[in-house]
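Chemist: missing the sequence, but the structure's below:
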C-alpha cells in the first residue's frame, strides 16, 4: 500500500507538469508569447521524463509523446468477453439501504456519458471498445488515445482491462455550443455529444472535443505481482488505479446507517458538478463477496443504481416571448427567473401553443413549477398562481401587422398572415443552412439577418454567389477575411447534397426530414419524380397523408417556389444515398421516445431504421410495429398507448439484439 501511495503522489505531480508544459507550449507556438524561459521548460520537461521512467506511466497529453490521428470508414464491432449487464435500479433511499444490509458499500456517481472498456497489453493501450448493447461493442481505439486524461502506457506487464465512463464536461459542451450560431444545429446535451464524439470516424473530432475518462471497475490483472497489490475491496482498487495514472469516479464508503446522509451529500454536489450524471451506483465494497452473489438474467447482484426523482423547481414567470417562425406560426416561450435543474441553469421553456398557455392560465408574476423532460427539455409542469392575465399579442413582433388565431384539431395557435413578414425570410434561410438541411456551418442567424438587410440574399441560390459581395462582407463587424473564407468553404461543401436533405431545406410546411426521406425513397431518389409528385401517389405513402401531400404539391405548384428551386438546382449536385445494410426492417414502423444512451441522438437511430428499410413515426397507432423506449416501466402516454394496443416496447439493447 505504501508503494501505491508513493506512486499516486508521483502521478499527481506528473499531471501538474503535463498541464504546465502544455500551457507553455500553447503560449509559445500558438499565441507567440513566452510564459517561462527555455531553461525552466527544459528543467520541468526533464522532471516529467524522469517520473515517467520511475512510474512506468505516460499520461495523455504528455509533451514527451506524439499521438497520430486516424480516419476510418466504419467502426468495427467486437463481442465483449463477458456481457456488460445494465444495473437494477431504485429511487428509494430506504430500498438502497435494505439492499446493502450489514455490509460496507461504495457509493459513486453514475456518470452520464458512454461506457468504454480499455485494454492494455505489456503496459500499452491496445484496444478500446464501447459498451454497445452489452454483448457487442464498437472498437474506438484511435479515438480513446485522444481522451484528455487516460494513460498511454502503464507499469503493468500482462493484459490489463478496466471499464469506465467517457464524458464531456458541461463547460466544454457549452463552449462548443456557443460557437454554433444556428439554434437548430446546437447539441442537445453533453451525453449525446459525447456518444457521437467517442464514436466519430475521424479521431481528430474526438481530440478537439475534450473527452475525459473515469474508471469505475477493473478486471483482475494477469500479472501475479500486480494482483497481490490491488487489494480485495473496490476502495483499494480505486486507489491502485489512481496510483498508475487513471482518474476514477468520485466515491464514498458507506454503511446502511451512513447511506442517507451520503446520498444527501451527492444530491447537493450534483448541482455543482461540471460533468453530467443521472444518479448513483452502490456496490458491495468486498469484491469477492459481490462476485459470489452472481447475477440474474438481466442484472449483476453486486451493484445497484439509484436514480434521482424528477427534479422540480419553483420560480416566477417574468414574461412570455412570442417567436415568429418561417411558417408564420408565432410560438410562445416562457421566460422565468433562472433556476438550476439537473446541474444546469435554465430560464426559458417552450409553451408550444395558445391552448397550452390558456390551460396553464399563465400571467406575469405567477409562481410556476418547472422541470426537465427526460432531464433535457425545460417544461412548465404546474402554475401555482393561475392568474390567467397574460395578453396574447394582436400584432406580429417582427412586422407589426395584425396576427390571427388558427384552430386545428381543437388546438389554437397564433399566426402572422403577412406574406412579407421579415421573420419568415430569416427563419427559412436559417432552416436552409441548418445541420439537417444543407449543413452550411459558420453562418449564424445574426449574420443571415445582416445579409438579408443589405440585399445580399433574396433566394437560396444567392448563397452560392456571396463572392459578389466579398469586399463588403470582410469589412462587416465580427466577420473579416478569415470568417469569409471559412463561410465560402462551407457553402462550397454544401453543393453536394442528398435529395432528402434538400427537400427538407426548402421549408415545405408540414414536411420534416423523416417525411422527406419517405418521399425520396418512394420515388427512388429521382429529383424530377420527387418535384412532380402527384397528390394521389403521395397519399399512398404511409405516414404522408392528405395534409402533408396537399402542402407538398402546393409548394411545388407555386411558380415562385419553382423559379427559386430551378435557380438553386443549377448550383447543386444531388448525391444518392447508398446503404449496404440488410433491409430487414422493411414494412415495420417504429416510434422512438425517451432518452437514448448508445445512439448520439434520435436522428442517428432514425437513420439506422430507415437505412434498413423501416419507417419512423411520431406517435403510437395501430400501424406501429414497435415502440423504442429505454424506460419500459414509464407511465408516459406513448407507453400507455402501446400497452393498450399490444405493441411491443423495446429498449435500445432489445432493438440491437433482435432478429427482425
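Modeler: It's in. Everything quoted here is computed from the prediction, not taken from an experiment.
Chemist: For the rest of this, base every contact and every neighbour count on C-alpha atoms.
Modeler: Fine.
Chemist: Pull up the gap between residue 494 and residue 414, please.
Modeler: 34 Å (CA to CA, to the nearest Å).
Chemist: I misspoke; the intended subject was residue 282.
Modeler: 50 Å.
Chemist: related to what we said a few turns ago, ok, residue 494 and residue 414, which is more surrounded?
Modeler: More neighbours surround residue 414 than the other of residue 494 and residue 414, with 24 against 20 (other CA atoms under 10 Å).
Chemist: who touches the more buried one in this structure?
Modeler: Residues in contact with residue 414 (CA atoms under 8 Å, 6 or more residues apart in numbering) are 329-331, 353-354, 403-406.
Chemist: Please list the members of these that lie in strands.
Modeler: Among the contacts of residue 414, DSSP state E puts 329-331, 404-406 in strands.
Chemist: Tell me, how many residues neighbour residue 132?
Modeler: 24.
Chemist: Now it: which helix or strand?
Modeler: Under DSSP states H and E, no helix or strand contains residue 132.
Chemist: correct me, but it touches residue 598?
Modeler: Yes. The pair residue 132 / residue 598 is scored as a contact, 6.2 Å apart, by CA atoms under 8 Å.
Chemist: who touches both of the two?
Modeler: Among the neighbours of residue 132, none is also in contact with residue 598 (CA under 8 Å, 6+ apart).
Chemist: who does the lowest-mean-pLDDT helix or strand in the chain touch, helix- and strand-wise?
Modeler: Ranking every helix and strand in the chain by mean pLDDT, DSSP states H and E puts helix 2-30 at the bottom, with a mean of 76. If you count contacts as 3 or more CA pairs under 8 Å, 6 or more residues apart in numbering; DSSP states H and E, helix 2-30 packs onto helix 38-55, strand 58-59, helix 234-243.
Chemist: weakest of these by average pLDDT?
Modeler: Among those, helix 38-55 has the lowest mean pLDDT, at a mean of 80.
Chemist: What residues of that helix count as buried?
Modeler: Going by neighbour count (16 or more other CA atoms under 10 Å), the buried part of helix 38-55 is 41, 44-45, 48, 51-52, 55.
Chemist: same deal with stretch 346-357?
Modeler: Those would be 346-351, 353-355, 357, for stretch 346-357 by 16+ other CA under 10 Å.
Chemist: for that stretch, how far is the first residue from the last?
Modeler: So stretch 346-357: terminal residues 19 Å apart, CA to CA.
Chemist: and it, what's its mean pLDDT?
Modeler: Here the average pLDDT along stretch 346-357 is 88.
Chemist: again with stretch 221-231
Modeler: Rounded mean pLDDT across stretch 221-231 is 83.
Chemist: how far is that stretch from where the chain is centred?
Modeler: 38 Å (CA atoms, centre = their mean, to the nearest Å).
Chemist: Kindly report the same for stretch 248-268.
Modeler: Relative to the centre of its chain, stretch 248-268 is centred 28 Å away, using CA atoms, centre = their mean.
Chemist: quick revisit: can you go through the contacts of residue 414 and name the buried ones?
Modeler: Among those, those buried by neighbour count (16+ other CA under 10 Å) are 329-331, 353-354, 403-405.
Chemist: Which of the residues you listed sits closest to residue 628?
Modeler: Comparing the buried ones among the contacts of residue 414 against residue 628 with CA to CA places residue 353 closest, at 27.2 Å.
Chemist: Give me the nearest residue to that closest one, chain neighbours excluded.
Modeler: Excluding its sequence neighbours, the residue lying closest to residue 353 (CA to CA, 6 or more residues apart in numbering) is residue 413, at 5.2 Å.
Chemist: tell me which element that neighbour is part of?
Modeler: Short version, using DSSP H and E: residue 413 is in strand 411-415.
Chemist: which SS state does the most centrally placed residue in the chain fall under?
Modeler: For the chain, the residue nearest the mean C-alpha position is residue 192 (1.9 Å; CA atoms, centre = their mean). Here residue 192 is helix, with the state taken from DSSP: H, G, I helix; E, B strand; the rest coil.
Chemist: Test my guess that it contacts residue 601.
Modeler: Yes. Counting by CA under 8 Å, residue 192 touches residue 601, with 5.8 Å between them.
Chemist: Give the helix, strand or coil label for residue 470.
Modeler: helix.
Chemist: ok, now which ones touch it?
Modeler: Residue 470 makes contact with residue 484, according to CA under 8 Å, 6+ apart.
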